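**Student:** Okay, structure incoming, though there's no sequence with it:
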């Protein structure tokens, strides 16, 4: 090995490469061999690390505690505190510190012990500068991955925590409303106020209980899509045929809200590969929204067409529209657009319908997007990859799902 | 003159039930459906006491509004009860009033027990009229 001692290469503990180095660029070397310390320093400084060297285990540990380096190189055989002991103590300080042990051939079995006690790898003496560089590079990469994975884990945990807190709040809200109404009604007893409000409040209680049922249903649907259970089937479908019954199904509901509903479909089939029941859940959510967030005498237009290798389904309403600042969150779980200016309430909803739509579209390899003009209306467009039985693949039978072909 | 309570809560049913109950007990009730409206209403109406929800349009809207109230001239000392279902005794989820910056006696968990609410309001308003600068 090359143990060339470079003149002018100081060995004082403060001699980092360029003063105060970022903690993630510090390497601590603990070795009783002066020449080894110097050559390690020389190689590592050239790699851009700040290097601190110590000639015994106790001083090294003190340095590790102070500098918190991501990587420590330690000689196994030293007088005083042994390398093995140093490994244990360093990991007590920070279990994610990457430790590389230096060992002579004679102590290869000790090297194995070192690995067992948590060292990352070992370098048998003599080693070349390249070997050291390679190993330190790999060790740093391991450290980076370790920290990244821990960061993701923390983020996921935080998200889950926020989500659970939020869901429990959403679940409690209807229950609280029902409890308050019933509690007040009971306390009012035969007072005239009770007679005045009873019928209305009981209706509200029933309504809130219904809301809660819907919320739980939607939540389960979302869980089902996320688990891949809802949009599991991959069967050739004809979107045009699937949409045929839309007017019959939704016109009565639309008419009750003083809305007109039209459905425009091409004559030719619109083949995709997907799950018919999931697609109908998606459509139901979009059309129900278009009805719910519309205004009296407004209209809903459902259409499907083929565009550039995709099948596009559009649901257009003439409702209140969505404020621009809400658009980025529109497909987030439980997000709801607040009441429009001048309104005291907004239509009931769970804030889960659009997340369900997004998941279903994604499960089928597609996308969903929205264009909206506040005060004029919104258009939701679902794009699904065209595929399966097309006219260019006459060999594959096209089975419109039990509907008459137009 | 009847004492005035402002209810800031995004749930119309909650405001209605609690509002009607307080009215039958001789209070004048003002309602607001979010923090902004609540702040405006508090400035205009000068309520004797405020019931404040936490999670409205924003996750911590009530806490934010509370801070704004405390910085508004004339409202610094208006008694505020934070009324929320985010209170939870499941460790790690929701707010534990015993370990929050919020004073324990400023917090009321939903669903609200009406007689307890009445007692708390009477207690605070009595204290506020006889004491000096209570409710900070």
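**Tutor:** In hand now; what should we look at? Computed from a prediction, not measured in an experiment: that's the story for all the values here.
**Student:** Distance check, residue A:293 against residue A:371.
**Tutor:** 15 Å (Cβ to Cβ, to the nearest Å). C-beta: built from backbone N, CA, C; applies to glycine.
**Student:** oh sorry, the question was meant for residue A:131
**Tutor:** Residue A:131 sits 60 Å away from residue A:371 when distances are taken as Cβ to Cβ.
**Student:** got any ranges where the chain has weak pLDDT?
**Tutor:** Defaulting to chain A. A:1-21, A:105-106, A:341-345, A:388-406 (pLDDT under 70).
**Student:** actually it's chain B I care about, not the one you picked
**Tutor:** B:1, B:87-105, B:127-136.
**Student:** now the strands: where do they sit in it?
**Tutor:** Remark: strands assigned in chain B by DSSP state E are B:4-8, B:28-32, B:49-52, B:80-84, B:107-109.
**Student:** partners of the first one in the sheet?
**Tutor:** Each strand that strand B:4-8 pairs with, and the sense of that pairing, follows from DSSP bridges: strand B:28-32 (parallel), strand B:49-52 (parallel).
**Student:** okay, those strands, which one's buried deepest?
**Tutor:** strand B:49-52 (a mean of 26; mean count of other Cβ atoms under 10 Å in any protein chain shown).
**Student:** what number of residues lie near the spatially closest residue to residue B:26 that is not a sequence neighbour?
**Tutor:** Computed as Cβ to Cβ, 6 or more residues apart in numbering or on different chains, the closest residue to residue B:26 that is not its neighbour in sequence is residue B:2, at 5.6 Å. By other Cβ atoms under 10 Å in any protein chain shown, 12 other residues sit near residue B:2.
**Student:** from memory residue B:2 sits against residue B:29, does it?
**Tutor:** No: with contact defined as Cβ atoms under 8 Å, residue B:2 and residue B:29 do not form a contacting pair (9.6 Å).
**Student:** just to revisit the earlier point, more crowded one of residue A:293 and residue A:371?
**Tutor:** Between residue A:293 and residue A:371, counted using other Cβ under 10 Å, the more crowded position is residue A:293 (21 against 14).
**Student:** Over to that one: give its phi and psi.
**Tutor:** Backbone geometry at residue A:293, expressed as degrees, to the nearest 10, gives phi -100, psi 20.
**Student:** For it, give me its contacts.
**Tutor:** By Cβ atoms under 8 Å, 6 or more residues apart in numbering or on different chains, the residues touching residue A:293 are A:317, A:319-320, A:347, A:378.
**Student:** And residue A:74, by the same measure?
**Tutor:** Residue A:74 touches A:29-31, A:57, A:60, A:83, A:86-87, A:90, A:99-102, counting by Cβ under 8 Å, 6+ apart.
**Student:** could those go into JSON lines alongside neighbour count?
**Tutor:** Below are these laid out as JSON lines (neighbours: other Cβ atoms under 10 Å in any protein chain shown):
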{"residue": "A:29", "neighbour count": "26"}
{"residue": "A:30", "neighbour count": "29"}
{"residue": "A:31", "neighbour count": "24"}
{"residue": "A:57", "neighbour count": "24"}
{"residue": "A:60", "neighbour count": "28"}
{"residue": "A:83", "neighbour count": "27"}
{"residue": "A:86", "neighbour count": "28"}
{"residue": "A:87", "neighbour count": "25"}
{"residue": "A:90", "neighbour count": "25"}
{"residue": "A:99", "neighbour count": "25"}
{"residue": "A:100", "neighbour count": "21"}
{"residue": "A:101", "neighbour count": "28"}
{"residue": "A:102", "neighbour count": "24"}
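**Student:** which residues in the stretch 51-200 of chain A form helices?
**Tutor:** Under the criterion DSSP state H, counting those that start in this stretch, helices of the stretch 51-200 of chain A are mapped to A:57-67, A:83-93, A:108-116, A:129-188, A:192-226.
**Student:** for the first one, packing partners?
**Tutor:** Read it as helix A:57-67. Contacts defined by 3 or more Cβ pairs under 8 Å, 6 or more residues apart in numbering or on different chains; DSSP states H and E place helix A:57-67 against strand A:26-30, strand A:50-54, strand A:71-75, helix A:83-93.
**Student:** could you dump the ones you listed to a markdown table with distance to residue A:352?
**Tutor:** Output for the helices and strands packed on helix A:57-67, formatted as a markdown table (distance: least, Cβ to Cβ, whole Å):
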| stretch | distance to residue A:352 |
| --- | --- |
| strand A:26-30 | 49 |
| strand A:50-54 | 52 |
| strand A:71-75 | 47 |
| helix A:83-93 | 45 |
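**Student:** who wins for proximity to residue B:116 among these?
**Tutor:** With Cβ to Cβ, the closest approach to residue B:116 among the helices and strands packed on helix A:57-67 belongs to helix A:83-93: 50.8 Å.
**Student:** Point out the other helices and strands that the closest one packs with.
**Tutor:** helix A:57-67, strand A:71-75, strand A:98-103, helix A:108-116.
**Student:** ok, now with 6 Å
**Tutor:** Under the contact criterion of 3 or more Cβ pairs under 6 Å, 6 or more residues apart in numbering or on different chains; DSSP states H and E, helix A:83-93 touches helix A:57-67, strand A:71-75.
**Student:** Residues contacting the longest one, please?
**Tutor:** Helix A:57-67 is touched from outside by A:26, A:28, A:30, A:52, A:54, A:78, A:80-81, A:86, A:89-90, A:93, with contacts defined as Cβ atoms under 6 Å, 6 or more residues apart in numbering or on different chains.
**Student:** From those, list the buried ones, please.
**Tutor:** Among those, the ones that count as buried by 16 or more other Cβ atoms under 10 Å in any protein chain shown are A:26, A:28, A:30, A:52, A:54, A:78, A:81, A:86, A:89-90.
**Student:** Let me know the closest of the residues you listed to chain B.
**Tutor:** residue A:90 (31.6 Å; Cβ to the nearest Cβ).
**Student:** In this structure the closest one contacts residue A:98, no?
**Tutor:** No: the criterion here is Cβ atoms under 6 Å, and residue A:90 misses it with residue A:98 at 9.8 Å.
**Student:** From what I see, residue A:71 and residue A:29 are in contact.
**Tutor:** No: counting by Cβ under 6 Å, residue A:71 stays clear of residue A:29, with 9.7 Å between them.
**Student:** Identify the contacts common to the two.
**Tutor:** By Cβ under 6 Å, 6+ apart, no residue touches both residue A:71 and residue A:29.
**Student:** Show me what from chain B comes close to chain A.
**Tutor:** With Cβ under 6 Å from any Cβ of the partner chain as the criterion, chain B meets chain A at residues B:11-14, B:17, B:21, B:24, B:55, B:57, B:85, B:93-94, B:110-111, B:114.
**Student:** Going by neighbour count, which of those residues comes out on top?
**Tutor:** residue B:17 (28 neighbours).
**Student:** how much space is there between the nearest residue to that one once chain neighbours are set aside and residue B:114?
**Tutor:** In this structure, residue B:17 finds its nearest non-sequential neighbour in residue A:180, 3.8 Å apart by Cβ to Cβ, 6+ apart. As judged by Cβ to Cβ, residue A:180 and residue B:114 stand 8 Å apart.
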